[in-house]
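> pasting the structure only:
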């Protein structure tokens with residue numbers, strides 16, 4: 001069993017699409033997959049959230065025989081304003097999300113699934129409560145339950161990514177949290193010089209391998225007729241083809 005925390009160097013950089021791509025590949029291999037979103041912000045009570053987007057994007061894999069029964073999605077807390085979970089909770093009057101509760105739910109899911117993907121909110125050090133608890137504290141909470149975990153870091157392609165990537169990797173090392181590798185969440189159709197150079201530089205500053213890059217626009221919005229679930233699975237395979245081997249090595 002593996003628990004993989006999917007975080008990013010910022011917000012709106014492709015964490016949900018990367019989570020869906022990894023889930024789709026695992027489902028296509030016959031694995032049991034759970035996707036856990038601890039705190040969803042910026043959506044109303046009846047609006048679709050990130051776990052709903054994951055279900056939409058992995059439609060090709062879910063269409064396979066028995067795959068629907070092998071995918072579980074869960075969301076623990078929801079706050080209506082598009083803010084950091086701690087701020088959104090305080091403004092809404094709703095209780096903040098305790099990381100011990102996230103760890104307990106991840107452990108429960110790990111008992112019946114081969115892979116548990118925990119998608120964070122924003123970047124690694126976004127606060128979940130007024131005490132400053134972040135996703136970076138989740139691995140320690142899991143270790144207290146006897147479970148190991150690692151982080152998959154989603155980053156950007158262009159200028160500025162080296163600094164935010166290295167800062168995030170440094171924060172993980174300071175907490176003794178393993179960094180499995182990096183994924184570029186949106187690789188441009190026409191990469192500039194900085195993006196091309198960053199393919200070599202990102203692993204150097206992070207001290208972890210670059211495991212792939214998803215092409216920009218590979219997951220059009222829910223109302224788009226351009227989205228092809230089978231094509232998304234093929235893109236996941238060609239872009240992140242070795243990621244399952246890395247997860248389960």
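Alright, I've got the coordinates. Remember, predicted model here, so these are calculated numbers, not experimental data.

> how about the strands in the protein?
2-8, 33-41, 71-79, 115-123, 149-155, 179-187, 210-215 (DSSP state E).

> just checking, what packs against the third one?
The reference is to strand 71-79. Strand 71-79 sits against strand 33-41, helix 50-57, helix 85-92, helix 99-110, with contacts defined as 3 or more C-beta pairs under 8 Å, 6 or more residues apart in numbering; DSSP states H and E. C-beta here means a position set from N, CA and C on the backbone, and glycine is covered the same way.

> Counting neighbours, which bits of stretch 207-225 end up buried?
208, 210, 211, 212, 213, 214, 216, 218, 219 (16 or more other C-beta atoms under 10 Å).

> wait, stretch 167-178
Buried-residue list, stretch 167-178, by 16+ other C-beta under 10 Å: 168, 169, 172, 177.

> Residue 164 is in contact with residue 10, isn't it?
Yes. With contacts counted by C-beta atoms under 8 Å, residue 164 reaches residue 10, the gap being 6.5 Å.

> leaving aside the residues next to it on the chain, what's closest to residue 81?
residue 88 (4.9 Å; C-beta to C-beta, 6 or more residues apart in numbering).

> what's the neighbour count on the one you found?
23 (other C-beta atoms under 10 Å).

> ok, it - contacts?
39, 41, 42, 79, 80, 81, 82 (C-beta atoms under 8 Å, 6 or more residues apart in numbering).

> how near is the second one to residue 244?
Applying C-beta to C-beta, to the nearest Å, the value for residue 41 to residue 244 is 30 Å.

> Of the two, which one has the most company?
For residue 41 versus residue 244, neighbours defined as other C-beta under 10 Å are more numerous around residue 41 (23 against 18).

> show me the contacts for the more buried one.
Contacts of residue 41 by C-beta under 8 Å, 6+ apart are 78, 79, 80, 81, 82, 83, 84, 85, 88, 121.

> From what I see, the fifth one and residue 42 are in contact.
Yes. With the criterion set as C-beta under 8 Å, residue 82 and residue 42 qualify as a contacting pair; they are 3.1 Å apart.

> Neighbour count: the two, which is higher?
residue 42 (16 against 10).

> Name all residues that make contact with that one.
79, 80, 81, 82, 83, 88.

> does the first one have beta-bridge partners, and which?
Here residue 79 shows beta-bridge partners residue 41, assigned using DSSP bridges.

> Let me know whether it touches residue 40 as I believe.
Yes. Contact criterion C-beta under 8 Å: residue 79 and residue 40 qualify, at 7.4 Å.

> which of those two has more neighbours?
Each of residue 79 and residue 40 has its neighbours counted (other C-beta under 10 Å); residue 79 has more, 25 against 22.
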